[in-house]
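# show me how the following folds:
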Amino acid sequence: MAESAAPDHPLTLDEKKAAARARARAAREAQQEGAGAGLTVTDDAAAYIGECADRDGLPHAVRLRIHAGGCSGLEYSIDLAGGDAAPGPAERTIESNGVTVLLDLKSAIYVSGSVIDYTSSLMRRGFVIRNPNATTTCSCGDSFGV
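Okay, here's the model as predicted:
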């Protein structure tokens, strides 16, 4: 999925709907090609997830969900998956860098083509998601808009 420049004007409702349809179409095509949602977990994120999972005796798996909220309208939620990390009936499984990412179908549309990274610095410690579908993001990076 190609990255597009941010528009120089606020998107209209019709433009947002068209963009959502395009994301859904791209996610379906990627799934049919066996590429899941095109989600990538970096080495740093995989190491942190593995460290946390090993400490708690859990599989190297996380659930990524998109919820309404945050400064920009939608926010990310990443949690370690429970004991067996089995996907729910409406979830898809993506393997990247030794980590299983469980996504519900609605969330998969929003994060198609994204990269999950982990950073630890004086100013910030946590996951950073580089999402090519986001048209707006808040300054903390925890929420986005489409």
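
# okay, CA-based contacts and neighbour counts for the rest of this
Will do.

# and for residue 69, nearest residue in space, chain neighbours not counted?
Using Cα to Cα, 6 or more residues apart in numbering and skipping residues adjacent in sequence, the residue nearest residue 69 is residue 75, 5.8 Å away.

# make sure the one you found is indeed in a strand.
Yes - counting by DSSP: H, G, I helix; E, B strand; the rest coil, residue 75 is located in a strand.

# beta partners for it?
Under DSSP bridges, the beta-bridge partners of residue 75 are residue 67, residue 143.

# how many neighbours does it have?
Counted with other Cα atoms under 10 Å, the burial measure for residue 75 works out to 19 neighbours.

# surely it and residue 68 touch.
Yes - counting by Cα atoms under 8 Å, residue 75 touches residue 68, with 6.3 Å between them.

# now the phi/psi pair for residue 112, please.
Torsion angles at residue 112 (phi, psi; degrees, to the nearest 10) stand at phi -60, psi 130.

# then the one 4 residues further on?
Dihedral pair for residue 116: phi -100, psi 120, per degrees, to the nearest 10.
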